[in-house]
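Peer 1: How does the following fold in three dimensions:
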Amino acid sequence: MEFSENVKEWFKKAGWYPGRNVRGQYELPHNDYPAFVLEFFDEYANLEIDDSGRKGHVVNIVSIDPGEGKYQAGEGDTFPYYEKLLKQRLFCLGAYYPGNYFIACDGAGRVYMFDDYCYYKGKSLYEGIENILLMKNHGWMQLDENSGKWRDSDWNYAELP
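Peer 2: The predicted model follows:
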């Protein structure tokens, strides 16, 4: 899978090019990342993609940097909290600014964005990050932290795709 041509242009402005390889030039917060995530990082790590090509007053930035999560290990930290609620390991992909959200995926590649709330953003690394950059809100899902279930945009309980 790949990013759309529109989003690829944003990546190019951030320094990405086809065949880019930065293996060994990024810091992992832990050593058990799935191989497909490492392959993604080899091509896209250490980039800050902004949406300045989109109309609006605030420029949003997606930082592809697994090191953003390196201090998230304690009981009260965001990653362990959502791992406990989701009952699965989460792998930091980077961050979203200015909202200060972490971007992470699970072992199946589903992408989440979280800080005060946890949102499901897509079924793959490419889809999730692209949805975040394009601010696609249709079909978003938010974790109901009281029940551990997902709610759709109409606030009905639903299963993840």
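Peer 1: so where's this protein shaky on pLDDT?
Peer 2: Along the chain, the model assigns pLDDT under 70 to residues 52-58, 71-76, 137-139.
Peer 1: What segments of it are helices?
Peer 2: Using DSSP state H, the helices of the chain run over residues 5-13, 35-44, 78-86, 125-133.
Peer 1: Identify whichever of those helices lies nearest to residue 96.
Peer 2: Set against residue 96 and scored by C-beta to C-beta, the helices of the chain come closest in helix 125-133, at 6.0 Å. Yep, even glycine has a C-beta here, placed from its N, CA and C like the rest.
Peer 1: And the closest one, what does it pack against?
Peer 2: Helix 125-133 is packed against helix 5-13, helix 35-44, strand 61-64, strand 91-97, strand 101-105, strand 111-114, strand 118-122, with contacts defined by 3 or more C-beta pairs under 8 Å, 6 or more residues apart in numbering; DSSP states H and E.
Peer 1: what angle sits between that helix and strand 91-97?
Peer 2: For helix 125-133 against strand 91-97, the angle between stretch directions is 20 degrees (axes from the mean of the first three to the mean of the last three C-alpha atoms, to 10 degrees).
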